[in-house]
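Asks: predicted structure and sequence below. I'll ask about it afterward.
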Amino acid sequence: GHGDHPQGPPGHLLVGGQDPGPVPGGHRALHRAGDHRATALAVAKELDIARPGDWTVSGPELDFMPQEVLERDYNDYMEQFGLNPKQKISTLSKGMKMKFSLALALSHEAELLVMDEPTSGLDPLVRSQMLKILAGYMKKSGRAVFFSTHITSDLEQIADRLILIDNGRILFQEKKDTLLETYRIVKGDNSLLNAESRKLFLSLNPMERSFIGLTDKPEEIARIMPDALMERPTIENIMLGKIERGSASWQL
């Protein structure tokens with residue numbers, strides 16, 4: 001449900017150039033993008049993870065990859081991810097289940113992975129391994145990962161383009177490198193703040209003697225505050241500044 005969040009204007013999604021709605025063409029678009037490689041873990045926890053054929057949807061329009069290729073790639077990923085093919089689904093940890101799901105999708109040469117909080121709840125080592133796996137996948141031509149996360153350090157490591165959504169509103173959608181080059185953290189003495197300079201900050205946190213703020217106008221800041229210190233922000237700094245709009249209180 002939407003709860004109390006306001007709804008934005010309706011949008012439109014295309015997958016592989018086709019509408020993924022309840023029409024045959026849309027279903028084929030999702031199949032080609034890799035959506036049909038669902039694992040159905042909730043209903044099959046007692047099966048082992050040895051054979052990828054046990055975990056795929058088959059049909060005339062889906063049988064596009066030779067079984068021996070699927071098996072070979074699947075086994076390669078199983079070995080790479082450190083998964084025991086004799087293990088039962090019910091015995092896998094959360095991190096192992098995520099690796100297993102990835103092994104299935106990647107062995108089918110999926111062109112698009114759509115993931116919801118893929119690293120949430122994972123320990124730091126498994127999170128790092130997962131991000132390396134996804135980074136390697138994205139290096140292949142024509143591959144993409146679309147995922148949601150609240151862990152901004154993940155975005156720092158592997159994201160190319162970021163979309164920030166707050167209460168149903170898109171606050172920005174931009175390349176990560178462009179964001180990091182556009183914004184700056186500014187630190188200085190409170191005596192530097194006046195009516196003109198305050199307008200240059202997206203968020204500002206004055207303390208007893210000094211202030212810290214976020215700006216997207218570093219050239220103007222340098223001109224009117226030559227003594228201020230400017231630093232490169234993190235993605236989290238930028239997101240908090242955009243959301244909090246002048247009331248950010250960070251620990252930097």
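Replies: Sure, I can see it.
Asks: now S197, nearest residue through space, not along the chain?
Replies: Using Cβ to Cβ, 6 or more residues apart in numbering and skipping the chain neighbours, the partner closest in space to S197 is I224 (5.7 Å). Placement of C-beta: from N, CA and C, glycine included.
Asks: pLDDT below threshold where in the chain?
Replies: Along the chain, the parts satisfying pLDDT under 70 run over 1-69, 245-252.
Asks: switch to 50 and redo it
Replies: Low-confidence segments of the chain (pLDDT under 50): 1-6, 8, 23-47, 55-65, 246-252.
Asks: ranges for the strands of it?
Replies: For the chain, strands defined by DSSP state E occupy the ranges 112-116, 144-148, 161-166, 169-175, 184-189, 201-206, 210-215, 229-231.
Asks: kindly reformat those as TSV containing distance to F81 and mean neighbour count.
Replies: Below are the strands of the chain laid out as TSV (distance: least, Cβ to Cβ, whole Å; neighbours: other Cβ atoms under 10 Å):
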stretch	distance to F81	mean neighbour count
strand 112-116	15	17
strand 144-148	16	14
strand 161-166	27	14
strand 169-175	30	13
strand 184-189	38	19
strand 201-206	41	18
strand 210-215	39	22
strand 229-231	38	13
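Asks: those into a markdown table, with extra columns for distance to M130?
Replies: Converted to a markdown table, these look like this (distance: least, Cβ to Cβ, whole Å):
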| stretch | distance to M130 |
| --- | --- |
| strand 112-116 | 10 |
| strand 144-148 | 11 |
| strand 161-166 | 19 |
| strand 169-175 | 23 |
| strand 184-189 | 29 |
| strand 201-206 | 32 |
| strand 210-215 | 30 |
| strand 229-231 | 30 |
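Asks: from what I see, E244 and S203 are in contact.
Replies: Yes: using Cβ atoms under 8 Å, E244 is in contact with S203, at 5.5 Å.
Asks: ok, now which ones touch Q80?
Replies: I133 (Cβ atoms under 8 Å, 6 or more residues apart in numbering).
Asks: can we see that at 10 Å?
Replies: For Q80, the contact set (Cβ atoms under 10 Å, 6 or more residues apart in numbering) comprises 99, 102-103, 106, 129, 133, 136.
Asks: for L179, same thing?
Replies: Contacts of L179 by Cβ under 10 Å, 6+ apart are 155, 159, 161-162, 164, 172, 216, 233, 235, 238-239, 242.
Asks: got the buried residues for stretch 129-137?
Replies: For stretch 129-137, burial by neighbour count (16 or more other Cβ atoms under 10 Å) applies to 129-131, 133-134, 137.
Asks: about what we covered before: which ones among the contacts of Q80 map onto helices?
Replies: If you go by DSSP state H, those have 99, 102-103, 106, 129, 133, 136 in helices.
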